[in-house]
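Q: Quick one: sequence plus predicted model below, questions after.
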Amino acid sequence: MEIVTKKKMMLFSGTTHPALAAEIAENLGIQVSPARISRFASGEIYVRAEESVRGADVFVVQTHADPVNESIMEQLIMIDAMKRASAKRITAVVPYYGYSRQDKKALAREPISAKLVADLLSVAGADRVVSVDLHSGQIQGFFDFPFDHLTALPILSGYLRDELGLYGDDLVVVAPDAGRIKTAEKLREALHADLAFLYKRRSRREAHKIEEVAVVGEVEGRPCVLVDDMIDTAGTVTKGAAALAAMGAGPIYVGATHPVLSGKAVQLLEEAPIEQVVVTNTMPIPEEKRFAKLRVLSIAPLIAAALRAVFEDTSVSEIFRGENQV
């Protein structure tokens, strides 16, 4: 007996950022598959796909945004439901990977929470993970199956060049710390710009506290772009912008992939000597966190292209010409 089967692509969305999942589906030319996701009175999560997933290539889209733990648990339960319903392959699509900054031990008796999240996704039943601009590329090594690491740099560089006219030798791309120099170098190459970086000494005892910022590079009288993977409390970019302004740089722009925007981030960004803050929609941004300087670019076309490549078993890295290896 010989049976010729057809591949079937199905995309499911968690409740954290359904707008992004809908955009990804639109770019793929499909609909978000219907699923029932609800909470019991006790707060426990219930998930059920409302149509068969047997033999399908299933993509479960959930960004690990606030509330982070709820978002992660919801995705795990969705993956488990798909596995038990006989999906052929399950890909966890995680635009923002939760706990990504806890990727190593800095002090004794600390957890490596990024590895724990990797273990949870693996045990739940994921066969592959797709994520965007990890805080640390080494997180890919926490998985024993394929991990597609996408980068928003083509989207950010295209906007900076085509919409803001930021291009050429006079422009300076600034890394906010030594760990972001490789990312800044790639953006510098795309914009044919110069490179500088900030020397940033963080407090070892107090989270998110920066004790000193100094500029290394020639920035006086030149437009600058500070590039980072995320803006959380905005302490890094606002102190960096202040240091650049003190050195006579300007105008100053900020480019980042993930708009976490915790605490007083919006207030700090509004008050900082920053012309524009450019981010992507890997995370939902509520109306109260939107401000005049903020420009949000869609990451959906990039993720959709990667998911199409995964489904068709073609190269993901060719989408980025190999520049997604960071």
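A: Looks like it arrived, so ask away.

Q: Give the other helices and strands that the helix or strand where residue 243 lies contacts.
A: Taking DSSP states H and E as the criterion, residue 243 maps to helix 235-246. Packing contacts for helix 235-246, counted by 3 or more CB pairs under 8 Å, 6 or more residues apart in numbering; DSSP states H and E, involve strand 194-202, strand 210-216, strand 224-231, strand 252-259, helix 265-271. Bear in mind the C-beta positions are built from the backbone N, C-alpha and C, glycine included.

Q: If you average the pLDDT over that helix, what comes out?
A: The pLDDT scores in helix 235-246 average 92.

Q: tell me which residues of it are tucked away?
A: For helix 235-246, a neighbour-count test (16 or more other CB atoms under 10 Å) marks 235-245 as buried.

Q: Which segments of this structure make up each domain?
A: According to automatic domain parsing, the chain comprises the domains 9-151+301-319, 153-298.

Q: worst average pLDDT in those?
A: Among the domains of the chain, domain 153-298 carries the lowest mean pLDDT, a mean of 91.

Q: circling back: between the buried residues of helix 235-246, which is nearest residue 97?
A: Using CB to CB, residue 236 is the member of these that sits closest to residue 97, with 18.7 Å.

Q: correct me, but the closest one touches residue 174?
A: No - using CB atoms under 8 Å, residue 236 is not in contact with residue 174; the gap is 11.2 Å.

Q: could you pull out the strands for this structure?
A: Using DSSP state E, the strands of the chain run over 9-13, 35-39, 45-49, 57-61, 89-94, 128-132, 147-150, 172-175, 194-202, 210-216, 224-231, 252-259, 276-280, 294-297.

Q: any chance of the helices and strands packed on helix 235-246 in a markdown table, with distance to residue 291 too?
A: What follows is the helices and strands packed on helix 235-246, written out as a markdown table (distance: least, CB to CB, whole Å):
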| stretch | distance to residue 291 |
| --- | --- |
| strand 194-202 | 23 |
| strand 210-216 | 22 |
| strand 224-231 | 12 |
| strand 252-259 | 11 |
| helix 265-271 | 5 |
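
Q: Quick one, which of the strands of the chain gets closest to residue 110.
A: Among these, the nearest to residue 110 by CB to CB is strand 194-202 (14.9 Å).

Q: I figured residue 99 hits residue 113, correct?
A: Yes - taking contacts as CB under 8 Å, residue 99 lies within contact range of residue 113: 3.9 Å.

Q: Neighbour count for these two, which is higher?
A: A count of neighbours by other CB atoms under 10 Å puts residue 99 above the other of residue 99 and residue 113, at 20 against 14.

Q: OK, contacts around the more buried one?
A: By CB atoms under 8 Å, 6 or more residues apart in numbering, the residues touching residue 99 are 64, 68, 113-114, 116-117.

Q: now do 10 Å
A: 64, 68-69, 72, 111-118, 135, 139 (CB atoms under 10 Å, 6 or more residues apart in numbering).

Q: Residue 160 versus that one, what's the distance?
A: From residue 99 over to residue 160 the distance is 30 Å, taken as CB to CB, to the nearest Å.

Q: What of residue 138?
A: 28 Å.

Q: Which one's more surrounded, those two?
A: Between residue 138 and residue 160, counted using other CB under 10 Å, the more crowded position is residue 160 (25 against 12).

Q: where's the closest residue to that one other than its chain neighbours relative to residue 181, distance?
A: Among residues not flanking residue 160 along the chain, residue 166 sits closest, at 4.4 Å (CB to CB, 6 or more residues apart in numbering). Going from residue 166 to residue 181 by CB to CB gives 19 Å.

Q: of those two, who's got more company?
A: A count of neighbours by other CB under 10 Å puts residue 166 above the other of residue 166 and residue 181, at 22 against 15.

Q: Contact partners for that one?
A: Neighbour list for residue 166: 157, 159-160, 172-173, 191, 193, 223-225, 251, 253, 255 [criterion: CB under 10 Å, 6+ apart].

Q: And for residue 242?
A: By CB under 10 Å, 6+ apart, the contact list for residue 242 reads 213, 252, 271-274.
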